[in-house]
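In: Take this sequence and fold it.
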Amino acid sequence: MVEFSDYRQFDGIGLAQAITKGELSAEEVLEAAIARAEAVNPTINAVVHAQYDQARQRLAEGPGDGPFQGVPYMLKDLGAFDAGQPCTFGSRLWADFVPDHDATYTERCKAAGLVIMGRTNTPELGLNASTEPALHGPTRNPWNLEHSAGGSSGGSAAAVAAGILPVAHATDGGGSIRIPAANCGLFGLKPTRGRNPSGPDVGEGWSGMSTGHVVSRSVRDSAMMMDCTHGPAPGDPYAAPVPVRPYADEVGADPGRLRIALMTEGFDGEPLHPECIRATEATAKLCEGLGHAVEPASPPLDVEPLGTATRVIISANVWNTLRLRCLALGREPSGQDVEPVTWALAQEGLARTAADYADAILTLHVQGRKLAEFFQSYNLILSSTLRKPPLRLGELDMGGDPEAFYDRLFREEIPITPYYNNTGCPAMTLPLHWSPEGLPVGVHFGAPFGDEATLFRLAAQLEKAQPWFDKVPEV
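Out: Predicted coordinates:
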């Protein structure tokens, strides 16, 4: 049997290599992951569905010979269907929903050799930057149980930070990979729009603002996972630019001398928490020490129309999602089925017009061109991931006043991350700073459309210069 202290020394690629070499068996690795989940999940509430027997059966049948052969994995409970396993979207409305087919992403994960052993907690329909759904209850941050693990991929981030898994599925429509990765001391990269498939049930998430990938402890796991899952599937409405070479080859490659724009405030021009500024400025000095050029600069994005466009698009998609689910159930949508903020947003979407939606899409494209022009002068934009260190649980409540919720969410919590979703550009958060209270503070880099390669190169360089892999919570 593999002891937890030994299991935690490996990232996903390391586990796969040990299994391939016969140094570990896939069975004992899976049992170590299950044992850790059973030990810690009652405390952090990261896993909302366990499928341990199915995972054992998968190993008995043979997981294949992909680069993650035999590595335990969990899917976020928001899409990414796994045939015969529940998917609740963090909502009572889907509490008994069981898909009869795999998502394209899930098929590719299985082809990579991953062994799916459960699903992780998410707020209702992924609408919150904190994971506290009424259906499953709050996920707690392994670094401090009174604080939020972030959202909407909070369950995945907490599971990885707590040592259940080395890497886990996550999605990002406004920061939902990067927010929980920042809160939990992990690496999290949001891919370019269209990089990973959303099919076969939808062509895109939130009109292209949402995409999926992973949270991980190592940069190389994230890069290799991208190699395993990216690329269009038949019927996809569009695709991201084709990478020059495998992303795994970018890890350790020389990034060259990058020109980096430094932001120490949000895109809204409002100040950040002093601890977030310290994290950003310290990273700027680290980058300069590595030979990069860093100077204060920020793109001239029009934040107010982008905020309006974001809300139009999300509200329209929320209404449509509820409508389709209730159509399948043979009843009319009702506020009794979902949380108050979700219902208010759905009603807002119902009241919007086709002209509102067309204008919102146009706004995103206009601002995307402004950001693209800025990237003609800079390779990357450096900032804090969030406005503040991790919030306490209960500070972002979807059961209260909707306007107060959205004001706090966008003005006080996420002044950086959504704008890369709006424009489709890739972005990442790195665990390079901790507050005096021991809470992780993420540092954020944004890149031009299609340029995950530069992000992976710099991430690996920073990972080597200031390692974080062995910095783990004691939960």
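
In: Quick check: buried residues in stretch 195-206?
Out: 195, 196, 197, 198, 199, 200, 203, 204, 205, 206 (16 or more other Cβ atoms under 10 Å). Just so you know, the C-beta spots here come from the backbone N, C-alpha and C atoms, and that holds for glycine as well.

In: Return the set of buried residues in the top helix by length along the chain.
Out: Secondary structure of the chain per DSSP state H: the longest helix is helix 303-329. Within helix 303-329, the residues scored as buried using 16+ other Cβ under 10 Å are 303, 305-307, 309-319, 321-322, 325.

In: and what of stretch 40-47?
Out: 40, 41, 44, 45, 46, 47.

In: what about the first one, helix or strand, and which?
Out: It refers to residue 40. helix 26-44 (DSSP states H and E).

In: so what secondary structure elements neighbour that helix?
Out: Contact partners of helix 26-44 among helices and strands, from 3 or more Cβ pairs under 8 Å, 6 or more residues apart in numbering; DSSP states H and E: helix 4-7, helix 12-20, strand 47-50, helix 52-61, strand 72-76, strand 115-120, strand 140-141, helix 154-161.

In: now the buried residues of stretch 40-47 as JSON lines including pLDDT and distance to residue 147?
Out: Converted to JSON lines, the buried residues of stretch 40-47 look like this (pLDDT from 0 to 100; distance: Cβ to Cβ, whole Å):
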{"residue": "40", "pLDDT": "98", "distance to residue 147": "16"}
{"residue": "41", "pLDDT": "98", "distance to residue 147": "17"}
{"residue": "44", "pLDDT": "99", "distance to residue 147": "11"}
{"residue": "45", "pLDDT": "99", "distance to residue 147": "13"}
{"residue": "46", "pLDDT": "99", "distance to residue 147": "14"}
{"residue": "47", "pLDDT": "99", "distance to residue 147": "19"}
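
In: Could you grab the helix/strand/coil label for the residue nearest to residue 335 when sequence neighbours are not counted?
Out: The shortest distance from residue 335 to any residue other than its chain neighbours is 4.0 Å, reached at residue 343 (Cβ to Cβ, 6 or more residues apart in numbering). What DSSP: H, G, I helix; E, B strand; the rest coil gives for residue 343 is helix.

In: neighbours of residue 343, just the number please.
Out: For residue 343, the neighbour count with other Cβ atoms under 10 Å is 20.

In: so how far is residue 256 from it?
Out: Residue 343 sits 50 Å away from residue 256, taking Cβ to Cβ, to the nearest Å as the criterion.

In: what do you get for residue 397?
Out: Residue 397 is 46 Å from residue 256, by Cβ to Cβ.

In: ok, now residue 319?
Out: The separation that residue 319 has from residue 256, given Cβ to Cβ, amounts to 46 Å.

In: hang on, the earlier thing: closest to residue 459 out of the helices and strands packed on helix 26-44?
Out: Between residue 459 and the helices and strands packed on helix 26-44, the shortest gap by Cβ to Cβ is with helix 12-20, which sits at 15.0 Å.

In: helices and strands around the closest one, which ones?
Out: helix 26-44, helix 219-229.

In: same thing but at 10 Å, please
Out: helix 26-44, strand 72-76, strand 167-172, strand 211-216, helix 219-229 (3 or more Cβ pairs under 10 Å, 6 or more residues apart in numbering; DSSP states H and E).

In: Now find how far off-centre that helix is within its chain.
Out: Relative to the mean C-alpha coordinate of its chain, helix 12-20 is positioned 24 Å out (Cα atoms, centre = their mean, to the nearest Å).

In: Now do the buried residues in it.
Out: Quick answer for helix 12-20 (16+ other Cβ under 10 Å): 12, 13, 14, 15, 16, 18, 19.

In: can you put those residues in CSV and add pLDDT and distance to residue 79?
Out: Shown next, in CSV, are the buried residues of helix 12-20 (pLDDT from 0 to 100; distance: Cβ to Cβ, whole Å):
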residue, pLDDT, distance to residue 79
12, 98, 21
13, 98, 25
14, 98, 29
15, 98, 26
16, 98, 25
18, 97, 31
19, 97, 29
